[in-house]
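A.B. asks: Build me a structure from this.
(chains A and B)
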Amino acid sequence: GAVVSQHPSRVICKSGTSVKIECRSLDFQATTMFWYRQFPKQSLMLMATSNEGSKATYEQGVEKDKFLINHASLTLSTLTVTSAHPEDSSFYICSARETPPGETQYFGPGTRLLVL
Amino acid sequence: QKEVEQDPGPLSVPEGAIVSLNCTYSNSAFQYFMWYRQYSRKGPELLMYTYSSGNKEDGRFTAQVDKSSKYISLFIRDSQPSDSATYLCAAYSGGYQKVTFGTGTKLQVIP
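C.D. replies: Coordinates of the predicted model:
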């Protein structure tokens, strides 16, 4: 199956700093990538949809200035958590869909963010 | 009402049992249906993908879609302790639409 990687897998940072998470589709091109957040024992919460070369579409309640998304190429999307606070601590997972719009969505391994 | 409903469980079964995981959905436009397996602290892994109604089998796993009743099922035969995970069903209408996920069912297979 298709492979999606995420880096870093785990990050610990101080409150007020910014953290960038990379998501790459390794063996396919992805016009669309998705960013999810997942709290312990809860389901996936879609944060935003990222289309290559255009602005991301954010879900209701997600601050676009807080969570900056860039989808610069067909294989790379980045999520930057700006001025992170402890409440931003969570498991962030990216997902990618093949180009042209494929029917399946593949997930990365996730990034665990802990803000102290 | 959520577009995809899934019993959160947890579901505990003895090793070797047949497991039945189910979801219902409300959007008639959904054409593609997936099952993902998620281990603790890991990203979801695509298990099965089906288009429209019908069955699909892959090893010990069988996915079943009944569009007339808007019912999605995943059967696991000869369940193993390594199958213990959260299983997410998902549905999608195609094109540039978003995939809608169920909340996940936590399965525990007891040795």
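A.B. asks: Give the bridge partners for the spatially most central residue of chain A, please.
C.D. replies: Geometric centre of chain A, nearest residue: residue A:35, 3.5 Å, by CA atoms, centre = their mean. Beta bridges link residue A:35 to residue A:48, residue A:94, judged by DSSP bridges.
A.B. asks: ok, it - contacts?
C.D. replies: A:23, A:46-48, A:50, A:67, A:69, A:77, A:79, A:92-95 (CB atoms under 8 Å, 6 or more residues apart in numbering or on different chains). All C-beta atoms are positioned from the backbone trio N, CA, C, and that covers glycine.
A.B. asks: Quick one: name the residues of chain B near chain A.
C.D. replies: Listed as neighbours of chain A in chain B under the rule CB under 8 Å from any CB of the partner chain: B:32, B:34, B:36, B:41-46, B:49, B:51, B:88, B:90, B:92, B:94-96, B:98-99, B:101-104.
A.B. asks: Going by neighbour count, which of those are buried?
C.D. replies: B:32, B:34, B:36, B:42-46, B:49, B:88, B:90, B:92, B:99, B:101-104 (16 or more other CB atoms under 10 Å in any protein chain shown).
A.B. asks: so of the residues you listed, which ones are in strands?
C.D. replies: Counting by DSSP state E, these place B:32, B:34, B:36, B:45-46, B:49, B:88, B:90, B:92, B:101 in strands.
A.B. asks: Widest-spaced pair of the contacts of residue A:35?
C.D. replies: The span of the contacts of residue A:35, defined through CB to CB, is set by A:67 and A:95 at 15.3 Å.
A.B. asks: More neighbours: which of those two?
C.D. replies: Taking neighbours as other CB atoms under 10 Å in any protein chain shown, residue A:67 and residue A:95 compare with residue A:95 leading, 26 against 19.
A.B. asks: Let me see the confidence value for the more buried one.
C.D. replies: Residue A:95 carries a pLDDT value of 94.
A.B. asks: residues in contact with it?
C.D. replies: With CB under 8 Å, 6+ apart, residue A:95 has these contacts: A:4, A:33-36, A:105-108.
A.B. asks: count of residues packed around the closest residue to residue A:4 other than its chain neighbours?
C.D. replies: Residue nearest to residue A:4 in three dimensions, not counting chain neighbours: residue A:108, with 4.2 Å by CB to CB, 6 or more residues apart in numbering or on different chains. Residue A:108 has 29 neighbours, counted by other CB under 10 Å.
A.B. asks: Surely residue A:108 and residue A:5 touch.
C.D. replies: Yes: checked against CB atoms under 8 Å, the pair residue A:108 and residue A:5 is within contact range at 6.0 Å.
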